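>>> Sharing a model prediction with you, sequence too.
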Number of protein chains: 2
Amino acid sequence: MNTSSNSSLLKGSLSVMILRLLEDRERMYGYEITQKVKDLTAGEMSITEGALYPALHKLEADGLLTTETQIVDGRARKYYSLTKTGHTEAAGRIAELSSFLENLNLVLKLKPSL
Amino acid sequence: MNTSSNSSLLKGSLSVMILRLLEDRERMYGYEITQKVKDLTAGEMSITEGALYPALHKLEADGLLTTETQIVDGRARKYYSLTKTGHTEAAGRIAELSSFLENLNLVLKLKPSL
DNA sequence: ATTCAATACCTAAGAGGTGTAGGTATATAG
DNA sequence: CTATATACCTACACCTCTTAGGTATTGAAT
């Protein structure tokens, strides 16, 4: 994936993406998240499993997600859902990131000084 | 500054901001960059010196910036400018970051699935 | 039969950017 | 004479991410 050279994430954005996806979908498993991100970005963004699983585990350890494992077609799937705290935190972190991105854009798209 | 608790940068965004500011202004010194970012973002974003100076030094070591020191009002200022390579790299990195931000927004603003 | 791709989870080690917390020094306002 | 703004710097720790593995099942292709 990523025909172009760079696919590196910006530190901190991954967990917020996970939170955002779970706000929309209620219940997702790891592999599904990687595919959903690829779908949404037309293959331009891939999240690596080495980043995803630790992020998921941390979110769970922090009490924002709960898990439920199911066997589907002979393979184990670990479904993640937002806890009540997770819903609240998700809203806050998404707002925070959005605000940061707006500020970042103010810098990136600054009007040329004459 | 930042009355609110969080002011942390997304890893990798700082050097691109520096490059972007220098595309606009030709010549800037460190302290000026911190002030410019505050101005542009109405005080909502502050870049810490502990991040700024190492970033500036790395950009210089990588050949993207050159420096010129001047004494102004009794204080030393170290002016940074884009090298020829720096101009090229700046364009590339800004495009890369912009592309990443668009993809990130695709995830953050995804339409609710019905 | 065997091999490869996709599905599905995981971890360890290391790199690298950032924040915290210092340090030095000058000019100016109170 | 002290505090604030200006102006530079570094060391250390933290934390995310990438790289590079590992295990296992299913289904398609050879």
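Thanks, I have the structure now. Residues are numbered from 1 along each chain as shown, chains lettered A, B, ... in the order given.
>>> what's the closest non-adjacent residue to A:Tyr31?
A:Arg77 (7.7 Å; CB to CB, 6 or more residues apart in numbering or on different chains). All C-beta spots, glycine's among them, are computed from the backbone N, C-alpha and C.
>>> Now the one you found: phi and psi?
Per-residue torsions, A:Arg77: phi -120, psi 140 (degrees, to the nearest 10).
>>> Hmm, A:Glu68 and it touching each other?
No: contact between A:Arg77 and A:Glu68 fails when scored by CB atoms under 8 Å: they sit 9.2 Å apart.
>>> the more surrounded of those two?
Between A:Arg77 and A:Glu68, A:Arg77 has the larger neighbour count (other CB atoms under 10 Å in any protein chain shown), namely 15 against 11.
>>> And what about the residue in chain A that chain B sits nearest to, helix, strand or coil?
Closest to chain B within chain A is A:Lys11: 3.1 Å, counting by CB to the nearest CB. Three-state call for A:Lys11 (DSSP: H, G, I helix; E, B strand; the rest coil): coil.
>>> Doesn't A:Thr66 lie inside a strand?
Yes: looking at A:Thr66 with three-state DSSP, it is inside a strand.
>>> partners of it in the sheet?
A:Ser81 (DSSP bridges).
>>> just so I have it, where are all the helices in chain A?
Here chain A has its helices, by DSSP state H, at A:13-25, A:30-40, A:49-61, A:84-108.
>>> Relative to the whole chain's centre, how far out is the last one?
Helix A:84-108 sits 12 Å away from the centroid of its parent chain (CA atoms, centre = their mean, to the nearest Å).
>>> Would that helix count as contacting chain B?
Yes: contact between helix A:84-108 and chain B, assessed by CB under 8 Å from any CB of the partner chain, occurs at A:94, A:96-101, A:103-108.
>>> Contact residues of chain A facing DNA strand C?
Residues of chain A found near DNA strand C (CB under 7 Å from any atom of the strand) are A:11, A:29-32, A:35, A:49-50, A:53-54, A:56-57, A:72-73, A:75-78.
>>> Counting neighbours, which of these end up buried?
Using 16 or more other CB atoms under 10 Å in any protein chain shown as the burial test, the residues of chain A next to DNA strand C include A:29-30, A:56 as buried.
>>> Pretty sure A:Ser15 sits against A:Glu60.
No: counting by CB under 8 Å, A:Ser15 sits too far from A:Glu60 to count as a contact (11.2 Å).
>>> the more surrounded of these two?
Between A:Ser15 and A:Glu60, counted using other CB under 10 Å, A:Ser15 has the larger neighbour count: 21 against 16.
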